[in-house]
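Chemist: Mind looking at a prediction? Sequence and model below.
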Amino acid sequence: MNAEVVQIDDANVKIALGKFRLSLAQNGELMKDIGASMLLSVRRTFREQGSPAGSWMPLAPSTIKSNPKIYGAGHKLLIKSHDLVNSIGFDAEPGRVVIGTSLKYGPVHQFGSRDRGAVGVGPRTKAMQDATVTVKEHSYGRLSASLGIGRQAIVNQAQRRQIVNRAIAGPRNQMRVHVAGHTRHQNIPARPYLVFRPEDPGRIQSLVNRFIRWVQAAAGLGGAE
């Protein structure tokens, strides 16, 4: 029986493996794809008000009562001005992607905070307990709980502005509340918006697999795409 000798020149294989290894290390584009996919995930968490959907703690009854027109039925948490959700971005480099916001109050909503010396719902670290926020001087209209006597600004006979008590019906039944500038401690529940949703690991794995197949093909080791 004749024996057939097969000689393999592994030089090309070594070169291909070297290209494959080098390309895997140059995965900046993969990190960008992962970052972009996570931004979509974060926006979904905002739309669904948490992950699982609806898991964010609702507003306190006192907050809703302070301005039912804004905070009443249909109000979406953390997206009143869209500043927070629009501030979220990512930085990507080979082997690393960081997602977050540069807004100073971003961590407060993510992790929560609590009033000093009071029962709170957020982290109980000393730094959080001692944290304060500055409230600027402002005023707002407060609707009366029921129709009846309200306060109204009028111009009197001396052509001067005067606040009087008057029976008022309808939306005019309100008073203007003035708030002086002050600092206060925070008591805000955690509403995590930077989270891994259940579908995120699978989507990221698909991106990684696609990248590996592309690198294999580029190095001459087969692969799809």
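Modeler: Received it, and whenever you're ready, just let me know what you need.
Chemist: My guess is G50 contacts R191. True?
Modeler: Yes: counting by C-beta atoms under 8 Å, G50 touches R191, with 6.7 Å between them. Placement of C-beta: from N, CA and C, glycine included.
Chemist: So between the two, which is more surrounded?
Modeler: Neighbour count, other C-beta atoms under 10 Å: between G50 and R191, R191 has more, with 20 against 17.
Chemist: Report the secondary structure state of the residue lying closest to that one once chain neighbours are set aside.
Modeler: Leaving out its chain neighbours, the residue that sits closest to R191 by C-beta to C-beta, 6 or more residues apart in numbering is W56, at 4.2 Å. Classification of W56 using DSSP: H, G, I helix; E, B strand; the rest coil returns coil.
Chemist: right, and W56 touches V195 too?
Modeler: No: in this structure, W56 is not within contact of V195 by C-beta under 8 Å, at 11.0 Å.
Chemist: returning to that earlier point: quickly list what's touching both of G50 and R191.
Modeler: With contacts taken as C-beta atoms under 8 Å, 6 or more residues apart in numbering, G50 and R191 have W56 as neighbours in common.
Chemist: Show me what stretch 40-55 is in contact with.
Modeler: Contacts to stretch 40-55, defined as C-beta under 8 Å, 6+ apart, come from residues 56, 76-79, 85, 88, 99, 191-200, 203.
Chemist: After the helix or strand bottoming out on mean pLDDT in the chain, which helix or strand is next?
Modeler: Sorting the helices and strands of the chain by mean pLDDT, DSSP states H and E puts helix 11-25 at the bottom, at a mean of 59. Next helix or strand after helix 11-25 toward the C-terminus (DSSP states H and E): helix 28-47.
Chemist: In that following helix, which residues are buried?
Modeler: By neighbour count on 16 or more other C-beta atoms under 10 Å, the buried set for helix 28-47 is 30-31, 33-35, 37-38, 41-42, 45-46.
Chemist: what ranges do the strands span in the chain?
Modeler: Counting by DSSP state E, the chain has strands at residues 89-93, 96-100, 132-135, 138-143, 148-155, 161-168, 174-179, 182-185.
Chemist: so how many other residues sit close to the nearest residue to T63 once chain neighbours are set aside?
Modeler: Among residues not flanking T63 along the chain, Y71 sits closest, at 5.8 Å (C-beta to C-beta, 6+ apart). When neighbours are defined as other C-beta under 10 Å, Y71 has 18 of them.
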